[in-house]
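J.: coordinates only, sequence not included:
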């Protein structure tokens, strides 16, 4: 959330050379429910939103701003729409992450062991942005979609 807020703040900052590409944003929005998956093969194993502990049913787990997609070892993480890489960062438990801007929409790809892009790169739909890591025996891509700072359910955006 903090990373998205900073990216949006930078886009809105007066006198900054960074401009929001509203045409790209509209194209992204027009493709809701039609966007390709960020991996070639996978299944959602953790859904967007609030979840509860599987045993202690009254215990809330942290809100999931995205989805976790179980996939094959060494699976390639793919860009779901044309955009610009805003930031590459490392987060505990999520390894390497890539934040991509699509106008005022953002996609966030985490749990990567290899990143093939750098901040400022223009990326196209289907470009390989990295390889998904295997952590504790599980190969999962954590994937998020946001409109400015508002998390969106990625499953409603993907075909």
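T.: Done, it's in. Please read all numbers here as calculations on a predicted model, not as lab measurements.
J.: going forward, measure contacts and count neighbours with C-alpha atoms only.
T.: OK.
J.: Which residues are in contact with residue 51?
T.: 60, 61, 62, 63, 64 (Cα atoms under 8 Å, 6 or more residues apart in numbering).
J.: let's see 7 Å
T.: By Cα atoms under 7 Å, 6 or more residues apart in numbering, the contact list for residue 51 reads 60, 61, 63.
J.: mind checking the backbone torsions on residue 129?
T.: Dihedral angles of residue 129 (phi, psi; degrees, to the nearest 10) stand at phi -100, psi -10.
J.: quick one: pLDDT of it?
T.: Listed pLDDT for residue 129 reads 97.
J.: and the closest residue to it other than its chain neighbours, how many neighbours?
T.: Distances taken as Cα to Cα, 6 or more residues apart in numbering put residue 116 closest to residue 129, at 5.1 Å, once the chain neighbours are dropped. Residues near residue 116, counting by other Cα atoms under 10 Å, number 11.
J.: Quick check: residue 116 vs residue 62, distance?
T.: 30 Å (Cα to Cα, to the nearest Å).
J.: Which pLDDT does the model give the closest residue in space to residue 4 that isn't next to it in sequence?
T.: Excluding the flanking residues, the one nearest residue 4 by Cα to Cα, 6+ apart is residue 149, at 5.7 Å. Per-residue pLDDT puts residue 149 at 90.
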